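**Student:** Just to be clear, the model below is a prediction. Sequence and coordinates:
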Amino acid sequence: MERLHKYLARAGMASRRQAENMIKEGRVKVNGIVVKEMGSQIEPGLDEVRLDNKEVVLRDDKIYILLNKPTQVVTTLDDPQKRKKVIDLLKGINERVYPVGRLDFNTEGLLLLTNDGELAYRLTHPKYKVDKVYIADVKGNMREPAITKLRIGIILEDGPTMPAQVRKLKQGNITTIEIAIHEGRNRQVRRMCEAVGHPVLSLKRVKFGPLKLGDLPVGAYRYLELQEIMDIKEACSYQRDD
Ligand code: URA
């Protein structure tokens, strides 16, 4: 037996959390009956599971795509304002993939997209502490006291931030910093920099755990190499059959 939301994630329909919402919304049927109870169990291969009336079958064709997200594009799959979506950039990908975590509309850089729900779940769970590295141009000359505050942790309205690794790359009227965090709170880097008096002017994610953006052009994507897939799974202690 397997929990229904986990089965949906394993079949690549969504992350576990998103799958729970799909169940709550009444979009999932087991053997023809809508199931809304959290924690419902099914027998894979025996019970017929349908999402939005389409049969959900376990596949093993997981795909992993690394995109250099441009600014002015949303990472959500559904945007009420009808802005351009990252999914629109994946010409030629027929699989249903979704972004792992998100980047702001005005943030560019490394975005991982996959249909591997278990990996997505783990990579966005703070427990696994996967580092994300950003390059930020901030307003003004950021000096040591501000950098130290970022390193130690900032009190934001949703609580204190965990210690960050920060390096100054360039200084002047605009300072360029590299900042590594492993939490993924909403607009976290922007809020942290603003809290120390240096609003972010531009933000780019260059690393996600062991994955590097490298020289992939803005708007372009590529499949992860086998070694990269193994490395990113390792980063969140994910073995295929646990
Ligand atoms: N931090 C931010 O402020 N924005 C992002 O897009 C990612 C991290």
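**Tutor:** Yep, it's here.
**Student:** which ones are touching the most centrally placed residue in the chain?
**Tutor:** Nearest to the mean C-alpha position of the chain, counting by Cα atoms, centre = their mean, stands Gly101 at 1.9 Å. Gly101 makes contact with Thr75, Leu123, Thr124, Gly184, according to Cβ atoms under 8 Å, 6 or more residues apart in numbering. Any C-beta I mention is one placed from the backbone N, CA and C, and that applies to glycine too.
**Student:** I'd like to know which of those residues are buried.
**Tutor:** Thr75, Leu123, Thr124 (16 or more other Cβ atoms under 10 Å).
**Student:** Among these, which lie within helices?
**Tutor:** Using DSSP state H, the members of these that fall in helices are Leu123, Thr124.
**Student:** so, if you compare the buried ones among the contacts of Gly101, which one comes nearest to Leu111?
**Tutor:** Ranked by distance to Leu111 (Cβ to Cβ), these are led by Thr75 at 6.5 Å.
**Student:** Look up phi and psi at the closest one.
**Tutor:** phi -90, psi -10 (degrees, to the nearest 10).
**Student:** distance of the residue nearest to the centre of the chain from Thr107?
**Tutor:** When distance is defined by Cβ to Cβ, to the nearest Å, Gly101 is 11 Å away from Thr107.
**Student:** List the buried residues of stretch 75-89.
**Tutor:** Thr75, Lys85, Val86, Ile87, Leu89.
**Student:** Same list (the residues you listed) but as CSV, adding distance to Asp215.
**Tutor:** Formatted as CSV, the buried residues of stretch 75-89 follow (distance: Cβ to Cβ, whole Å):
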residue, distance to Asp215
Thr75, 22
Lys85, 24
Val86, 20
Ile87, 23
Leu89, 18
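**Student:** Return the member of those nearest to Glu194.
**Tutor:** Distances from Glu194 to these, taken by Cβ to Cβ, are shortest for Thr75, at 21.0 Å.
**Student:** Please identify the helix or strand for the closest residue to that closest one other than its chain neighbours.
**Tutor:** Excluding the flanking residues, the one nearest Thr75 by Cβ to Cβ, 6 or more residues apart in numbering is Arg102, at 4.1 Å. For Arg102, there is no host helix or strand (DSSP states H and E).
**Student:** do the same with Lys91
**Tutor:** Per DSSP H and E, there is no helix or strand for Lys91.
**Student:** Tell me the pLDDT of it.
**Tutor:** pLDDT, Lys91: 87.
**Student:** same thing with Asp60?
**Tutor:** 62.
**Student:** do Ile65 as well
**Tutor:** Confidence score, pLDDT, at Ile65: 96.
**Student:** Quick check: the closest residue to it other than its chain neighbours vs the ligand, distance?
**Tutor:** Leaving aside its sequence neighbours, Ile65 sits nearest to Leu113 (Cβ to Cβ, 6+ apart; 4.5 Å). Computed as Cβ to the nearest ligand atom, to the nearest Å, the Leu113 to the ligand distance reads 15 Å.
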